[in-house]
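[1] 3D model of this:
(4 chains, ligands or ions: 2)
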Amino acid sequence: MTARVGVVTFPGTLDDRDTQRAVRIAGLEPVPLWHRDKDLKQVDAVVLPGGFSYGDYLRAGAISRFSPVMETVVEQAKAGLPVLGICNGFQVLTETHLLPGAMLRNNHLHFVCRDQKLRVENAETAWTADYEAGQEISVPLKNIDGRYVADERTLDELEAEGRVAFRYLDGNPNGSLRDIAGITNAAGNVVGLMPHPEHAVEPLVGTGRTDGLGFFTSLLKKLVA
Amino acid sequence: MTLDTVKHANETPDVEQPWAELGLKQDEYERIRAILGRRPTGAELAMYSVMWSEHCSYKSSKVHLRQFGEKAPENDALLVGIGENAGVVDVGQGYAVTFKVESHNHPSYIEPYQGAATGVGGIVRDILAMGARPVAVMDPLRFGAADHPDTKRVLPGVVAGIGGYGNCLGLPNIGGEVVFDPCYQGNPLVNALCIGVMKHEDIHLAKASGAGNKVVLYGARTGGDGIGGVSVLASETFDDSKPTKRPAVQVGDPFQEKLLIECTLELFREGLVEGIQDLGGAGLSCATSELASAGSGGMRVDLDRVHLRDATLSPEEILMSESQERMCAVVEPSKIDRFLEICEKWDVIATVIGEVTDGERLEIFWHGEQIVDVPPRTVAHEGPVYERPYARPEWQDALQADDANALPRPQTPEELREQVLKVISSPNQASKSWITDQYDRFVQGNTVLAQPEDSGMIRIDEETGLGVAVATDGNGRYAKLDPYAGAQLALAESYRNVAATGARPLAISNCLNFGSPEDPAVMWQFAEATRGLADGCLALGTPVTGGNVSLYNQTGETAIHPTPVVAVLGVIDDVNRRTPMAFREEGQLLYLLGDTREELGGSAWSQVIHDHLGGLPPAVDLDREKLLAEILIAASRDGMIDAAHDLSDGGLVQALTESCLRGGKGARIVVPDGLDPFVFLFSESAGRAVVSVPRSEELRFTDMCGARGLPATRIGVVDGEALEIQGQFGLSLAELRAAHEATIPSLVG
Amino acid sequence: MARVVVDVMLKPEILDPQGQAVQRALPRLGFEGIADVRQGKRFELEVEGPVDDAALARIHEMAETFLANTVIEDFTVRVDS
Amino acid sequence: MARVVVDVMLKPEILDPQGQAVQRALPRLGFEGIADVRQGKRFELEVEGPVDDAALARIHEMAETFLANTVIEDFTVRVDS
Ligand SMILES: Nc1ncnc2c1ncn2[C@@H]1O[C@H](COP(=O)(O)OP(=O)(O)O)[C@@H](O)[C@H]1O
Ligand SMILES: [Mg+2]
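    Residues are numbered from 1 along each chain as shown, chains lettered A, B, ... in the order given. Ligands and ions are numbered 1, 2, ... in the order given. Model (predicted):
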């Protein structure tokens, strides 16, 4: 069996076609979703891909959050639908408050594009089940608003509940608090991270690694189980 | 104020008109009057003045650019040649590729961020207008001295602007150049290149045909930005006494452009577009007159229908506005509804502003009154042409006589080592990753190679692995010493870079950055460089598909170095066979291909160690370049080499440093018998590359070189943690890395 | 038409690298005596119709739910005189 | 310590894509009646010492040469009360 994975396109989304390719390479079926449609077309999971939706104007993710498709995504995410937000998608998820905290301008104020080492801290979410807890992976990072912040209480809570899903290794690229690269909700179905697993699925292009494939294969494992 | 209609112009022939303020010369104004048989209206004057500016009409350069057509090599790959928004090349399997490099120099000096950003935006629209999906950008840049205060202002702004715009569009930035030289102080060069991919049947042209077809303006609203901006600005030298020549710059909206791209591609997919033109310099004046001029009929436009951002704009201003992110399409009446529907889907404003007529005139109306009635060809394609006087400057001989080969050289291995460190850490030779790490190189998921590789490479078909490679190069120092050879060296280097990655060079685009054409010495440099480039392209079999000319890059009497930038496009049948530059496997053999002569004129060494520019640039041998390319391509295809890196500024030691650092592997190098170690390391002889050969392939590889007559010298082996020049000195990778990577961040970080 | 201004600033406890970069650059440019710089956003809204309490309440709501992200930002709303 | 506020806005004739994006989003969020939105920057400067005419003149110069890019932006300086 395979799973149908919806990939949302907002105006200004960039990595939608790349995400569809990654889904396909992982053996799943990509289903394009349009921001104006409330209908999720019966998908088994949704990815909010990277890019600059609405130009990142106002704040990254702030305008997309109000699109019709997000109404349904929020509703179904609360009911357990697996949702992955990558980069801009992560920003949308924080703006909707499906995930806590916010993303701010990188502390060095520049866009940064590089191969980034991460540690998978939580290997039990819908999107990380194919990794081992503590596993180190490298995937591309590319953003200018990637600095994760939340208040101390929220951070402590995230740590205590094992909801820090990924941490930056070998240097914090943007000043994110506690080196946080990605987090999950309490149920483990909603995951957001700044780095781009969809750009690490083929040996030839990108950084030439395939460390990101696990995000998509994890899904299959979870859904079939 | 009364509207200056055609009728009014007829009735008031003697009105004083501001032609001089608009940059026209007396005889040009007289010519407009002669064409029209009356004085132009204000709107007509606005159109002619922007379209006849140097930037839009190429009036000084045209007579020289003609050679690119006249001397064009026979080439079946060329699908669309010079004259359209960009040329189109057949790359096989039904795919076509379009690419072009353009300048945004003057706006980037005034407002670095927006100037550079809108430079990217403009070239992307040119590529889009051909029917192609833009797939990558590149940015050849030149700044003043690295430690000059103005460089600290201009460089970060330009880099942020290119990144801010390109990243937001989702176009991987896969290469470019960063060069520092005091000659660019006050005249930075910001060139931008875009590559687009389409199927043969998707090629679109900029022409309006079919009477009754609608003319649709879509994209951003028209505002008062950059009125007479780019065009006038890029057509004269800066002069503080004329503030009118420094109008408001345009501000780009990359989000709008991203919508414009997706919207336009969907319009193409549904076959809704008959003809299309982007709006860039000269805005609607350019788009309407070019579309009408290239088509079969005339055109009628109701200018008051244009969506405005500022309701107070006059018709003249609307015609001249250079507001960004706009396109103009010609659409059959039966397809208009669907066209507008797709625009609505993408939140893109679209307005029918006119239609194609069966007449021969371009007629523009403002609330029903006619304000323009012109033959479009006279605006767009039959502007003035100047045979500017040119003369070899009298200082050229003295410059060439000041031989760099006679400069004092290092006397001891210790001194040689020191000079190596100085050269590889100098701003021009140092790593540019502080800059390029601000560009997204992964987006779209097809980037096979990106900077600092010799060329950027993009996969265009996932099934077959078909790909294209592009490199851009230019060396103003060489061109200053000899503009003819300098242009050919730029071509040769770019050609070599493409071949080094395993791709077969097919065609070129170019951006010719020079000083004022009114200076006969500059005009001579221009004439020599174009002649050199045209001859070079004929010899290499790579036609010129298009390009751009940027003149008036000078402050007072001082022009920049003549700086022809050449972009070569190559094709590779299977990107799995590409050759990267990194030394990766210990024990592999390093071969130097080509001949090393004593050639230090214009070299990085002469600049860094002696602050010297004189003598002759390296000799050009295009037959040798061709042979070298054939060997590199064959070796890549047949798996005989694992790494290749072309040799250019900085010579062998620069190439070795880069390949070692990229792969994190050292190399043990033996200076060949009879070669002076200093010349071996620093000479910049053209037609060379260093390759890494697996031992199992050595015989096959050397046999091939031998049989084809290409000198191949074994110079060492990939090994250890240091670059060691035996009998001379060693430099650990850590030392090399520190020297190579710290410079740029410390200057601008 | 009346103008309403919404100012949005990062909360005091949140690091503001843009403001810091500005502050650090000032002495180099010869401007001394600025102890701290914070950089925020200013929105100028042109409001159709009267700016009465009801209108201001709506703009306040707009600021709270949209113009500012109250996880990290504070805001103020005022009529421009 | 006194606070001086420098507001920097794009000149009226210059395109403000951010402001436009915000304005276009408002009706979708149920906020009608906003005819135009412009987005600018707000700098809060904490000034050591007295904010007299001399200090304000210096801040004015700082705004003109550094905080604002007068090619595309206008600015105002005022003491925060
Ligand atoms: N250096 C050059 N070499 C070859 N073609 C050139 C050169 N400069 C300009 N052209 C060609 O002249 C035509 C007009 O150029 P340009 O005005 O820059 O186009 P656009 O209006 O699309 O910006 C284009 O086809 C361009 O490719
Ligand atoms: Mg064009």
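[2] sec struct for residue 6, please.
    Just so you know, I chose chain A. strand (DSSP: H, G, I helix; E, B strand; the rest coil).
[3] which residue, neighbours along the chain excluded, lies closest to it?
    A:Val43 (3.7 Å; CB to CB, 6 or more residues apart in numbering or on different chains). Every residue, glycine included, has its C-beta placed from N, CA and C.
[4] and that neighbour, what does it touch?
    By CB atoms under 8 Å, 6 or more residues apart in numbering or on different chains, the contact list for A:Val43 reads A:Arg4, A:Val5, A:Gly6, A:Val31, A:Leu33.
[5] for A:Gly214, see how far away the fourth one is.
    Applying CB to CB, to the nearest Å, one obtains 21 Å for the distance of A:Val31 from A:Gly214.
[6] more neighbours, the two?
    Between A:Val31 and A:Gly214, A:Gly214 has the larger neighbour count (other CB atoms under 10 Å in any protein chain shown), namely 25 against 20.
[7] that one touches A:Thr128, doesn't it?
    Yes. Here A:Gly214 lies in contact with A:Thr128, judged by CB atoms under 8 Å, at a distance of 7.3 Å.
[8] where's the residue nearest to A:Gly6 relative to B:Gly175, distance?
    38 Å.
[9] and what of B:Val159?
    14 Å.
[10] remind me which residues of chain B are low pLDDT?
    B:1, B:228-248, B:749 (pLDDT under 70).
[11] repeat the analysis, applying 50 as the threshold.
    Counting by pLDDT under 50, chain B contains low-confidence residues at B:230, B:238-246.
[12] now do the helices in the chain.
    Here I'm looking at chain A. A:16-25, A:68-78, A:88-95, A:152-160, A:213-224 (DSSP state H).
[13] wait, chain C
    Listed in chain order, the helices of chain C (DSSP H) span C:17-28, C:53-62.
[14] what about those helices, which gets the closest to ligand 2?
    Among those, the nearest to ligand 2 by CB to the ion is helix C:17-28 (36.4 Å).
[15] who's in contact with that closest one?
    Taking CB under 8 Å, 6+ apart as the rule, helix C:17-28 contacts A:105-109, A:175, C:32, C:34, C:36-39, D:43-44, D:62, D:66-67.
[16] please apply the same query to stretch B:717-733.
    Residues contacting stretch B:717-733 (CB under 8 Å, 6+ apart): B:413-414, B:416-417, B:420-421, B:583-590, B:656-657, B:660-661, B:663-671, B:677, B:681, B:692, B:716, B:736.
[17] could you export it as PDB, CA atoms only?
    Extracted C-alpha coordinates of stretch B:717-733, given in PDB (Å, rounded to 0.1, in the frame of the first residue of the first chain):
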ATOM      1  CA  VAL B 717      49.500  12.600  -6.600                       C
ATOM      2  CA  VAL B 718      46.500  13.200  -4.300                       C
ATOM      3  CA  ASP B 719      47.900  12.500  -0.900                       C
ATOM      4  CA  GLY B 720      47.900  13.600   2.800                       C
ATOM      5  CA  GLU B 721      46.800  16.600   4.600                       C
ATOM      6  CA  ALA B 722      49.000  19.300   2.900                       C
ATOM      7  CA  LEU B 723      49.800  20.800  -0.400                       C
ATOM      8  CA  GLU B 724      53.400  20.000  -0.800                       C
ATOM      9  CA  ILE B 725      55.500  21.300  -3.600                       C
ATOM     10  CA  GLN B 726      58.500  19.000  -3.400                       C
ATOM     11  CA  GLY B 727      61.800  20.600  -3.000                       C
ATOM     12  CA  GLN B 728      60.100  23.900  -2.300                       C
ATOM     13  CA  PHE B 729      57.600  24.100   0.500                       C
ATOM     14  CA  GLY B 730      54.500  22.600   2.100                       C
ATOM     15  CA  LEU B 731      51.300  24.200   3.300                       C
ATOM     16  CA  SER B 732      48.900  22.300   5.500                       C
ATOM     17  CA  LEU B 733      45.200  22.200   4.500                       C
END
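[18] contact partners for residue 5?
    No chain specified, so I'll use chain A. A:Val23, A:Leu28, A:Glu29, A:Pro30, A:Val31, A:Val43, A:Asp44, A:Ala45, A:Val46, A:Val47, A:Phe216, A:Leu219.
[19] sorry, should have said chain C
    C:Arg42, C:Phe43, C:Glu44, C:Leu45, C:Val77, C:Arg78, C:Val79, C:Asp80.
[20] just the ones in strands from those residues, please.
    C:Arg42, C:Phe43, C:Glu44, C:Leu45, C:Val77, C:Arg78, C:Val79 (DSSP state E).
[21] and the fifth one, how far from C:Met9?
    To tie it back to what came earlier, the one meant is C:Val77. 13 Å.
[22] ok, now A:His110?
    23 Å.
[23] what do you get for B:Ile508?
    52 Å.
[24] give me the more crowded residue out of the two.
    Ranked by neighbour count (other CB under 10 Å), B:Ile508 and C:Met9 place B:Ile508 first, with 31 against 21.
[25] now do the same contact list for that one.
    Here B:Ile508 is in contact with B:Leu491, B:Ser494, B:Cys537, B:Thr542, B:Pro543, B:Val544, B:Thr545, B:Val566, B:Ala567, B:Val568, B:Leu569 (CB under 8 Å, 6+ apart).
[26] hmm, try it at 6 Å
    Going by CB atoms under 6 Å, 6 or more residues apart in numbering or on different chains, B:Ile508 touches B:Thr542, B:Val544, B:Val566, B:Val568.
[27] and it, how far from chain C?
    41 Å (CB to the nearest CB, to the nearest Å).
[28] again with B:Gly224
    The value you get for B:Gly224 to chain C, if CB to the nearest CB is used, is 18 Å.
[29] what are the phi and psi values for the closest residue in space to B:Ser426 that isn't next to it in sequence?
    Nearest non-adjacent residue to B:Ser426, counting by CB to CB, 6+ apart: B:Val608, 4.4 Å away. As for B:Val608, its main-chain torsions (degrees, to the nearest 10) stand at phi -70, psi -40.
[30] B:Val608 contacts B:Ser425, correct?
    No. Applying CB atoms under 6 Å, one finds B:Val608 not in contact with B:Ser425, separated by 8.9 Å.
[31] break down the stretch 151-300 of chain B into its helices, ranges please.
    Using DSSP state H, counting those that start in this stretch, the helices of the stretch 151-300 of chain B run over residues B:229-233, B:254-269, B:283-294.
[32] report the distance from the helix or strand of chain A with the lowest mean pLDDT to the chain centre.
    Within chain A, no helix or strand scores below helix A:213-224, which has a mean of 88 by mean pLDDT, DSSP states H and E. Taking CA atoms, centre = their mean, to the nearest Å, the mean C-alpha location of helix A:213-224 is offset from the chain mean by 14 Å.
[33] do that helix and chain B meet?
    No. With CB under 6 Å from any CB of the partner chain as the measure, helix A:213-224 is seen stopping short of chain B, the closest distance being 12.9 Å.
[34] for the residue nearest to B:Asn167 when sequence neighbours are not counted, list the residues it contacts.
    Spatial nearest neighbour of B:Asn167, excluding adjacent residues (CB to CB, 6+ apart): B:Asp440 at 4.6 Å. By CB under 6 Å, 6+ apart, the residues touching B:Asp440 are A:Cys113, A:Lys142, B:Asn167.
[35] going by distance to chain D, which of those wins?
    B:Asn167 (15.1 Å; CB to the nearest CB).
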